[in-house]
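> The following block contains a protein sequence and its predicted model.
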2 protein chains.
Amino acid sequence: MKIAIAGAGAMGSRIGLMLHQSGNEVLLIDRWPAHIEAIRTNGLIADFNGKEVVAKLPIYSPEEIIESNEHVDLIVALTKANQLDDMFRSIQSIITDNTYVLCLLNGLGHEDVLEKYVPKKNIIFGITMWTAGLAGPGKVTLLGDGEIELENLEPEGEAFTKKVVEVFQEAKLNPIYSHNVRYSIWRKACVNGTLNGLCTILDCNIAELGAQKATESMVRTIVSEFASIAAKEGIILDQEEVYQHIASTYDPDNIGLHYPSMYQDLIKNHRLTEIDYINGAVWRKGQKYDIATPYCAFLTQLVHAKEGILGAE
Amino acid sequence: MKIAIAGAGAMGSRIGLMLHQSGNEVLLIDRWPAHIEAIRTNGLIADFNGKEVVAKLPIYSPEEIIESNEHVDLIVALTKANQLDDMFRSIQSIITDNTYVLCLLNGLGHEDVLEKYVPKKNIIFGITMWTAGLAGPGKVTLLGDGEIELENLEPEGEAFTKKVVEVFQEAKLNPIYSHNVRYSIWRKACVNGTLNGLCTILDCNIAELGAQKATESMVRTIVSEFASIAAKEGIILDQEEVYQHIASTYDPDNIGLHYPSMYQDLIKNHRLTEIDYINGAVWRKGQKYDIATPYCAFLTQLVHAKEGILGAE
């Protein structure tokens, strides 16, 4: 299969590399000049579970991919949430009626962006439990195991999506054809919508958050807001299961000692967060559906205020 | 007038000292052993606008005041909010039908505590714009100017309250007999209910808070929650005036460069905060009146979580 990775950061590099290793024709699309330069000069260099792997993958800027006139069967979207729209607007002319897009971004509301550029029948959504770290331009650290759950948004997409599952299976990406990927996306968004914002604002790790008496009520309230919006979109979240799933992460033997990605982005690296695609998306959808989501609203405002105070860019 | 100061911290010491200087019989009641010891040994030592003043004021623990069988005309309540109930339960037996209590604590809900121990007709409420700092046991720093606005809760208390105004006038405490002290208390609580919690959770000073785009909406929402509860208690807050009053504090030439007292308590000194008597009180009253106050609830929970994370005591 001919596959483009739109957004070749850590996770995009992992998926691109593993698909390349199993014999697919993979090309990367990214906007980071130093990353493009490094991969062109040295190839993509990965610490792949302790073994160095070098892959000579072609990499393009969005403008270059347009000029190249390349066409692919599948585009895997793995940009930052706030770069998705710009990426797909830029590469729009390589998308034909036969091009499928698999969206693996965290968060909510990405279908609204993709539907502007891709026929809905060609959109596949997924979530991944793989991890990946960026060690520098052209260098990634790929440790551990994971899986990818994916499903076509429309019934017409099923045949191609099942082909993608086969291709991912050969690449050992552990794909699962889901019968309710939108449920899984909302469930994962609840995890990110509680741990990310709360640990960021309280300046603590997941175990410290979990140890506070006030946390259960805050988490349950946020989950209930997510659930009320999900219900409007036809997804009935099992709030108790989602709450228990979140509470299980507090354990230091689980991921309790970790600081969530938003904490690392904002508090550690003074980078803008993806709050607008998590709690902010629920707040926006709530305004659209006339449903109050005050905890999501307030948490979004607090994180934006903190971005301003820290001069995040 | 014979006056007891119940809670002889920085502000209690200021008011006690100034009333003593103008010839009243003042006694202090406090629970801090080192403070009691220092005042008994050296007197209360004040840096009073740059001049050292030493006042030999009697000071008692609540248990000692009971044993002493002292009775006073007026008790000025200036404990920490969470110590008010304990203080008045402890000194209950010195309160007669002729004892008036002037409550000068910040925050909301103190009448519910005082009415357990004091006839409502004997309760006077006030707010003060004086400042005071504690430099150590027995030592206070009293700089600048201020005023005190006060009013009896019930019409029967007016005559005595006007006597208190005279006594405070002689002590140069700049009293104002208010015709709506409860309005002023709610208005001041809005200032504390926004600046205190938000600067504490965002780890910033007042000017930095004011400079963030998200702040106006957060402040207006919190003020609207205070207003909805105040309205249930017969106080119609002018929300626009209150908002503009809060926004005026952001100016570095006003108090913009200050960190609010809650920030100093929690972030700097790892002490428990008075959030339960500000936003927490609005949240509690909201539950009683069946009015949603989610921003006050969430802010209270966040501050309590932060107290736990920092090991505040």
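Now that the structure is in, tell me what you want to look at. Numbering: from 1, shown residues only, chains lettered A, B, ... in the order given.

> is chain B contacted by the helix or strand harbouring A:Gln301?
Assigned by DSSP states H and E, A:Gln301 falls within helix A:294-309. Yes - shown here: helix A:294-309 in contact with chain B (Cβ under 8 Å from any Cβ of the partner chain) through A:Pro294, A:Tyr295, A:Phe298, A:Leu299, A:Thr300, A:Gln301, A:Leu302, A:His304, A:Ala305, A:Lys306, A:Gly308, A:Ile309. Every residue, glycine included, has its C-beta placed from N, CA and C.

> Closest one of the residues you listed to A:Val219?
Proximity of these to A:Val219 was ranked by Cβ to Cβ; the top entry is A:Tyr295 with 9.7 Å.

> Quick one: residues contacting the closest one.
A:Met218, A:Thr221, A:Ile222, A:Glu225, A:Asn279, B:Pro294, B:Phe298 (Cβ atoms under 8 Å, 6 or more residues apart in numbering or on different chains).

> 7 Å instead, please
A:Tyr295 is in contact with A:Thr221, A:Ile222, A:Glu225, B:Pro294, B:Phe298, counting by Cβ atoms under 7 Å, 6 or more residues apart in numbering or on different chains.

> Could you pull out the helices in chain A for me?
Along chain A, the stretches classed as helices by DSSP state H are A:10-21, A:33-42, A:62-68, A:84-90, A:110-114, A:158-170, A:181-191, A:197-202, A:206-210, A:215-232, A:239-248, A:261-263, A:279-289, A:294-309.

> deepest of the ones you listed, which one?
Counting by mean count of other Cβ atoms under 10 Å in any protein chain shown, helix A:197-202 has the highest mean neighbour count of the helices of chain A, with a mean of 25.

> contact partners of that helix?
Helix A:197-202 is contacted from outside by A:205-206, A:209, A:218, A:259-260, A:262-263, A:266-267, A:275, A:279, A:299, A:302-303, A:306, B:201, B:302, B:305-306, B:309, using Cβ under 7 Å, 6+ apart.

> and the helix holding A:Gln301, what's its mean pLDDT?
Taken as a whole, helix A:294-309 has a mean pLDDT of 98.

> Centre of the chain to it, how far?
Chain-centre distance of helix A:294-309: 21 Å, with Cα atoms, centre = their mean, to the nearest Å.

> Could you do stretch A:119-135 as well?
Put simply, stretch A:119-135 sits 6 Å off its chain's centre (Cα atoms, centre = their mean).

> Quick check: buried residues in that stretch?
Neighbour counts over stretch A:119-135 (16 or more other Cβ atoms under 10 Å in any protein chain shown) mark A:Pro119, A:Asn122, A:Ile123, A:Ile124, A:Phe125, A:Gly126, A:Ile127, A:Thr128, A:Trp130, A:Ala132, A:Leu134 as buried.

> now those residues as TSV including pLDDT and distance to chain B?
Shown next, in TSV, are those (pLDDT from 0 to 100; distance: Cβ to the nearest Cβ, whole Å):
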residue	pLDDT	distance to chain B
A:Pro119	95	37
A:Asn122	97	37
A:Ile123	98	32
A:Ile124	98	35
A:Phe125	97	30
A:Gly126	97	32
A:Ile127	95	28
A:Thr128	94	30
A:Trp130	92	31
A:Ala132	90	30
A:Leu134	90	28
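
> From those residues, pick the one nearest A:His35.
Nearest to A:His35 among the buried residues of stretch A:119-135, with distances taken as Cβ to Cβ, is A:Leu134, at 8.6 Å.

> ok, now which ones touch that closest one?
A:Gly9, A:Ala10, A:Val140.

> And for A:Gly210?
Listed by Cβ under 7 Å, 6+ apart, the contact partners of A:Gly210 are A:Ala247, A:Tyr250, A:Gly256.

> What of A:Pro294?
Contacts for A:Pro294 (Cβ under 7 Å, 6+ apart) come out as B:Pro294, B:Tyr295.

> Repeat that for the one 10 residues further on.
Contact criterion Cβ under 7 Å, 6+ apart gives A:Ile275, B:Lys213, B:Ala214 as the residues in contact with A:His304.

> Show me these that map onto strands.
Among the contacts of A:His304, no residue falls in strands (DSSP state E).

> residue nearest the centroid of chain A?
A:Leu105 (2.3 Å; Cα atoms, centre = their mean).

> Surely that residue and A:Gln83 touch.
No - counting by Cβ atoms under 7 Å, A:Gln83 is not a contact partner of A:Leu105; they are 9.7 Å apart.

> quick one: contacts for the closest residue to chain B within the stretch 1-150 of chain A?
Residue nearest to chain B within the stretch 1-150 of chain A: A:Asn82 (16.3 Å; Cβ to the nearest Cβ). Residues counted as contacts of A:Asn82 (Cβ under 7 Å, 6+ apart) are A:Glu274.

> What's the per-residue pLDDT of it here?
So, for A:Asn82, pLDDT stands at 90.

> now swap in the one 4 residues further on and tell me
Turning to A:Asp86, the model gives it a pLDDT of 97.

> From A:Ile3, how far off is it?
21 Å (Cβ to Cβ, to the nearest Å).

> Run the angle between the helix holding A:Gln301 and helix A:215-232 for me.
Angle, helix A:294-309 to helix A:215-232, by axes from the mean of the first three to the mean of the last three Cα atoms, to 10 degrees: 110 degrees.

> can you give me the strands for the stretch 1-150 of chain A?
A:2-6, A:25-29, A:44-48, A:51-55, A:59-60, A:74-77, A:100-103, A:123-128, A:133-136, A:139-142, A:148-152 (DSSP state E, counting those that start in this stretch).
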